[in-house]
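# predicted model and sequence below, questions to follow.
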Number of protein chains: 2
Amino acid sequence: MSDMPRSVRIHEEGPREGFQIESASIPTGRKIEFIEALAETGLHQIDCVSFVNPKKVPGMADAEQVIGGVRRREGVRYTGLWLNTRGLLRALETPVDVVGSIRVTASETFCQKNTGMNHEQTMQEQRRWLEIYREKGIGLEWGYVMTAFGCNYEGFIPTERVCLMVSQLLELAAEAGSRLHGVYLADTVGWGTPLSIERTIGAVRERWPDLPLALHLHDTRGTGLANAAAALKLGVGQFDTTCAGLGGCPFAAHKGAAGNICTEDFVFMCEEMGISTGLDLERLIDCAHMAEEIVGHPLPGKVLRAGSLKRFRDAIHAA
Amino acid sequence: MSDMPRSVRIHEEGPREGFQIESASIPTGRKIEFIEALAETGLHQIDCVSFVNPKKVPGMADAEQVIGGVRRREGVRYTGLWLNTRGLLRALETPVDVVGSIRVTASETFCQKNTGMNHEQTMQEQRRWLEIYREKGIGLEWGYVMTAFGCNYEGFIPTERVCLMVSQLLELAAEAGSRLHGVYLADTVGWGTPLSIERTIGAVRERWPDLPLALHLHDTRGTGLANAAAALKLGVGQFDTTCAGLGGCPFAAHKGAAGNICTEDFVFMCEEMGISTGLDLERLIDCAHMAEEIVGHPLPGKVLRAGSLKRFRDAIHAA
């Protein structure tokens, strides 16, 4: 496993991914409490809210209140998501840390259904975002390729299509006189396997050997950590995760909802393999229990139930 | 992924792993119904019951009734587990398919607590089993190394210890004038990571390059499929799995109970990577739903909730 990174950067997406699928009945104060607890675990970036239509996503209707209410910890960025310019402009009216990003979707059908725009309209929208970033002095960071590994409407996504999306993201940044930190490949609907992760990363690496890659993996069909492990082995050093696997739910009431790879499970795996995450696993487990209590149902994370290996190791050392 | 096998053999352990952690209130008839449904999925081996102390494991008190009640399908073996000679003798009084196996535990403390015997007593016990197999004309198949990747009492298990266990299993077989098909390495309490899987398999392979290896992986901390993927990449071609992830439970009431890797999630991953399992994924998903209904609580499998990709592919083909 010689290409494995010595450390990984983890962006926590739990508050946004989790609360956006829950009903609007979770008190704003509890969301804030959860975000503040996450900020004590060593995380440097926490995605807190989506600036999306509250009629479509009632669980995010209090986005302004949540992001406005969080007590900030130095060194932590409290970010949000938007899918269109209206959302970006809403974000700019709040104290959210607006991180410059651009987003395209490999599957045009998914793009249309998720954002109401086709690919060409999306490209135009990204140009507007880049213009706004420039005007506001917001640095551009990552480009995102959504549905990079498969799509429920279009099926398997050829690696050529992913490479086209990457090249368009790089061109968009260049047009704007800017440069991406790297590109996120997102398994938006859980079609990925270790093999397709390797093939897609391999194809992108072949064209852009020095472009940093990151992964956003939904664990829809249980392959999430296997996919992440395959990417680690290829040296990928940045991942989105959600505490307790927020966004998913083992209940039929949330049928089809599947969270990202679980923060504390991923941290466990990395740390046990000698890859430093900089995060406090025990505190993350406490946050995961808090998350379950807040949403009021079991969440898919495993380590939150089994615990880490610390108590066993402590007992062995003491003996 | 050039060493990946073209096909894998999967032994279903769900009825045994699952029902042994549940209360005794599940009707025997429902257990039988589940086993019969599993036999329609293409599985060639289903572990149905444990012959263990009914006072300690009340969910297995009806082992004789379950195995006696199953309507047999040709080509399927209906197996059981025992941990001592008394259990083996009990098994021999039933119509269970007694498959010759020998078992040692890398952690002596775990061995003592799980079976009431130390390592030397375990070795003697295995000799008795081999004698009984010979008397009864039962073929010897696999040797098992329990806690091969870690133990809650002894911690990390050095690869040298695993190799010692493998050599002792091979010697036990040789003493009895017999030969093992191969050796199972079991991650009994979920300490494994892709890295420790690689290291341990690597160490065993270095000494016995031609010895077939198989894995029995508990998904205690979410790394199960990642561990399985690492093993597939090394050419391991046989795995134990449990339908719906039976043996685990996302409820606090079963705190610490963690099932094996989930049959249908593993089948999904293998088939999507072009590794043939010979199993009918859609029927396995039906079985997983049946398992949840029988145990009366959610189970950890993911594909049972998300479904396979078939309906999406069918819709894309039809369009």
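Arrived safely.
# which parts of the stretch 201-319 of chain A sit against chain B?
By Cβ under 8 Å from any Cβ of the partner chain, the part of the stretch 201-319 of chain A that sits against chain B consists of A:219-223, A:225-226, A:228-230, A:233, A:250-252, A:255-256, A:258, A:262, A:265, A:268-269, A:272-274, A:298-303, A:305-306, A:308-309, A:312-313, A:316. For glycine as for every other residue, the C-beta is placed from the backbone atoms N, C-alpha and C.
# can you give me the helices in the stretch 151-300 of chain A?
A:159-175, A:194-207, A:224-233, A:263-272, A:281-295 (DSSP state H, counting those that start in this stretch).
# those helices into TSV, with extra columns for mean pLDDT?
Formatted as TSV, these follow (pLDDT from 0 to 100):
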stretch	mean pLDDT
helix A:159-175	98
helix A:194-207	98
helix A:224-233	98
helix A:263-272	98
helix A:281-295	97
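# if I look at the nearest residue to A:H289 once chain neighbours are set aside, how far off is A:E17?
Spatial nearest neighbour of A:H289, excluding adjacent residues (Cβ to Cβ, 6 or more residues apart in numbering or on different chains): A:L304 at 6.2 Å. According to Cβ to Cβ, to the nearest Å, A:L304 and A:E17 sit 16 Å apart.
# the two: who's more crowded?
Taking neighbours as other Cβ atoms under 10 Å in any protein chain shown, A:L304 and A:E17 compare with A:L304 leading, 29 against 26.
# contacting residues around that one?
Contacts for A:L304 (Cβ atoms under 8 Å, 6 or more residues apart in numbering or on different chains) come out as A:A244, A:C262, A:E264, A:I285, A:A288, A:H289, A:E292.
# so how far is the helix or strand where the residue nearest to A:H289 lies off the chain centroid?
A:L304 belongs to helix A:303-306 when assigned by DSSP states H and E. On the basis of Cα atoms, centre = their mean, to the nearest Å, helix A:303-306 sits 21 Å off its chain's mean C-alpha point.
# tally up the residues packed near the nearest residue to A:T115 once chain neighbours are set aside, please.
What sits nearest to A:T115 in space, not counting adjacent residues and going by Cβ to Cβ, 6+ apart, is A:L83, at 5.0 Å. Close neighbours of A:L83, defined as other Cβ under 10 Å, add up to 18.
# A:E120 now?
With other Cβ under 10 Å as criterion, A:E120 counts 9.
# tell me how far it lies from chain B.
A:E120 sits 22 Å away from chain B, taking Cβ to the nearest Cβ, to the nearest Å as the criterion.
# show me what the helix or strand where that residue lies is packed against.
Using DSSP H and E, A:E120 sits within helix A:119-136. Counting contacts by 3 or more Cβ pairs under 8 Å, 6 or more residues apart in numbering or on different chains; DSSP states H and E, helix A:119-136 packs against helix A:85-92, strand A:100-105, helix A:108-115, helix A:159-175.
# ok so, going back, adding mean neighbour count, write the helices of the stretch 151-300 of chain A out as CSV.
Converted to CSV, those look like this (neighbours: other Cβ atoms under 10 Å in any protein chain shown):
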stretch, mean neighbour count
helix A:159-175, 17
helix A:194-207, 19
helix A:224-233, 28
helix A:263-272, 27
helix A:281-295, 21
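# tabulate those helices (TSV), appending distance to A:T147.
Shown next, in TSV, are these (distance: least, Cβ to Cβ, whole Å):
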stretch	distance to A:T147
helix A:159-175	9
helix A:194-207	12
helix A:224-233	14
helix A:263-272	21
helix A:281-295	26
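# which of these sits closest to B:E125?
B:E125 lies closest to helix A:263-272 among those, at 32.7 Å (Cβ to Cβ).
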